[in-house]
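J.: 3D model of this:
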Amino acid sequence: MQMALWDRLKDSVQTMQAQLSAKKSHLKSGAFRDASIAMCALVAAADGRIDPSERERVAQLIATNDVLQTFPPDDLHRRFEENLDKLTADFELGKVSAIQEISKAKKKPAEARAVVQIGIVIGGADGHFDDSERAVVREACFALDIPPAEFDL
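T.: Just a heads-up that it's a prediction; the model follows:
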């Protein structure tokens, strides 16, 4: 049963990445960039701590994500580190800040959905989309006025 769940997650992550890639030309706003990076940091820190390997893995995923490659990589990395610094200094305060950044994508529904998809892609990239990662992506859905059920959260 665990294998079937992993296969479904893998398929879901691949499908979402394909959907994101198809919309890439429309995902170029600063609000989308900031919301996506805040989402990546929030998912990386979802369990309340960020170990160096996870930090590196998510930074690598950001750098190689097809959709985010329209933005300068140094800028994305700096923004990711700033978000992580806030989350490591004070997780609850950092989470509020990240959710505020994420909510900026609310004005454009396609961007808002893409931000949620990026959270799921980042969360599922290691093959395990755990409860804490699901919970922060669910919170982001609420901040974006998207029903979490739309993404099986």
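J.: average pLDDT across stretch 117-131?
T.: Average pLDDT, stretch 117-131: 85.
J.: tell me the contacts of the one residue sitting closest to the centre of the chain?
T.: With distances taken as Cα atoms, centre = their mean, the chain has residue 119 as the residue nearest its mean C-alpha position (2.5 Å). By Cβ atoms under 8 Å, 6 or more residues apart in numbering, the contact list for residue 119 reads 39-40, 42-43, 133, 136-137, 140. All C-beta atoms are positioned from the backbone trio N, CA, C, and that covers glycine.
J.: Can you tell me the element the nearest residue to residue 36 once chain neighbours are set aside falls in?
T.: Distance criterion Cβ to Cβ, 6 or more residues apart in numbering; nearest residue to residue 36, sequence neighbours excluded, is residue 118 at 5.0 Å. Per DSSP states H and E: residue 118 is located in helix 109-124.
J.: Toward the C-terminus, what is the element adjacent to that helix?
T.: Proceeding N to C from helix 109-124, the next assigned helix or strand is helix 131-143, under DSSP H and E.
J.: Which elements pack onto that following helix?
T.: Using 3 or more Cβ pairs under 8 Å, 6 or more residues apart in numbering; DSSP states H and E as the contact test, the elements touching helix 131-143 are helix 30-44, helix 91-103, helix 109-124.
J.: Give me the angle between the last one and helix 91-103.
T.: It stands for helix 109-124. If you take axes from the mean of the first three to the mean of the last three Cα atoms, to 10 degrees, helix 109-124 sits at 140 degrees to helix 91-103.
J.: Flag every buried residue along helix 109-124.
T.: Within helix 109-124, the residues that qualify as buried are 111-124, counting by 16 or more other Cβ atoms under 10 Å.
J.: Out of those, which two sit at the greatest distance?
T.: Of all pairs drawn from the buried residues of helix 109-124, the one with the longest distance (Cβ to Cβ) is 111 and 124, at 20.3 Å.
J.: buried residues in stretch 71-79?
T.: Quick answer for stretch 71-79 (16+ other Cβ under 10 Å): 71, 76, 79.
J.: about what we covered before: against residue 151, how distant is the residue nearest to the centre of the chain?
T.: Shown here: residue 119 relative to residue 151, a distance of 9 Å by Cβ to Cβ, to the nearest Å.
J.: try residue 27
T.: Where residue 151 is concerned, residue 27 sits at a distance of 17 Å (Cβ to Cβ).
J.: Over to residue 125?
T.: For residue 125 relative to residue 151 (Cβ to Cβ), the value is 16 Å.
J.: No more questions from me, cheers.
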